[in-house]
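J.: let's see this in three dimensions:
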Amino acid sequence: MGGPEMTSSQRAGFHILFVCIEGAGAHEVDFERVPVAVGTVLRIRPGQVHHFVQAGDFDALMVLWPPETEGVESAEPVWTPGGTTPTHWRIERPTLTRVTSWIGELDAEQKRFDGSPARIELTRLLLRTLLLRLRLEQPAETAAAAEQPAVYSEFLGLIERRFQERPTVDALAGELGYSTRTIDRACRRVSGRTAKRVLDERTVLEARRLLTHTSLPINRIARSLGFTDPSNFSKFVHRNLGQQPHKLRHFDARS
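T.: Residues are numbered from 1 along each chain as shown. Sure thing, here's the model as predicted:
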């Protein structure tokens, strides 16, 4: 990639595994700045907006693969926006050496790739093995953070499928078969926020992604997120982010 791609926000439709091997700096994922140093492992999922921050100087290995790659998904914890599954962590030098070797093995196999069924299967197995090894090598506190109550996980999963319809917490709770109070209690326990706030934050995140990464007219963005009146969308954005949509777009755009 050239300069423009490295200095503007990107919203990839594929998975990215990012492992820093030298230097230090920062990377931004979904508007959160992540400090990067030797041993930083960063996972970027399809649909997330990320940005190569022009700070510091570091080298990193990156592994990319398409969504729904057969046999790979179960190698990692389930991730949804708002969940507790870590998106970045640090590994020590001995582990980093092993990870570098594993990525090197995958890279070497890709250079021999010929599209044959055997090569396809081997590449998938190597990727799955890499992800499983990384999962096992996570620090204990990082792995523990991925654990969250089933009620909260189910609520986040349903939000992910329904947030563009502007559902209510009551409607989502009813669809899941829980009381609103049960959903709210789970959200407060895990995130410290109400269920309504968790739901709104998912819409806020998507609005900010679309305002930052696309040139879609604001009224189309509003409709895509279930707002029939663009002025209500503007009020929603201003209330949650402190900026009108057009100003937020100008502020976040890095061109």
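J.: wait, isn't Arg189 in contact with Phe155?
T.: No - the criterion here is C-beta atoms under 8 Å, and Arg189 misses it with Phe155 at 12.0 Å. All C-beta spots, glycine's among them, are computed from the backbone N, C-alpha and C.
J.: more neighbours, the two?
T.: Phe155 (27 against 12; other C-beta atoms under 10 Å).
J.: buried residues in stretch 200-215?
T.: Neighbour-count burial for stretch 200-215 flags 200-213 (criterion: 16 or more other C-beta atoms under 10 Å).
J.: turn these into TSV, including secondary structure and pLDDT.
T.: Shown next, in TSV, are the buried residues of stretch 200-215 (DSSP: H, G, I helix; E, B strand; the rest coil; pLDDT from 0 to 100):
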residue	secondary structure	pLDDT
Asp200	helix	98
Glu201	helix	98
Arg202	helix	98
Thr203	helix	98
Val204	helix	97
Leu205	helix	97
Glu206	helix	97
Ala207	helix	97
Arg208	helix	95
Arg209	helix	95
Leu210	helix	95
Leu211	helix	93
Thr212	helix	87
His213	helix	87
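J.: okay if I get those as JSON lines plus distance to Ala24?
T.: JSON lines is the format used below for the buried residues of stretch 200-215 (distance: C-beta to C-beta, whole Å):
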{"residue": "Asp200", "distance to Ala24": "35"}
{"residue": "Glu201", "distance to Ala24": "30"}
{"residue": "Arg202", "distance to Ala24": "32"}
{"residue": "Thr203", "distance to Ala24": "35"}
{"residue": "Val204", "distance to Ala24": "31"}
{"residue": "Leu205", "distance to Ala24": "27"}
{"residue": "Glu206", "distance to Ala24": "31"}
{"residue": "Ala207", "distance to Ala24": "32"}
{"residue": "Arg208", "distance to Ala24": "27"}
{"residue": "Arg209", "distance to Ala24": "27"}
{"residue": "Leu210", "distance to Ala24": "32"}
{"residue": "Leu211", "distance to Ala24": "30"}
{"residue": "Thr212", "distance to Ala24": "25"}
{"residue": "His213", "distance to Ala24": "27"}
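J.: ok, which pair from those residues is furthest apart?
T.: Within the buried residues of stretch 200-215, Asp200 and His213 form the most distant pair, 20.3 Å apart (C-beta to C-beta).
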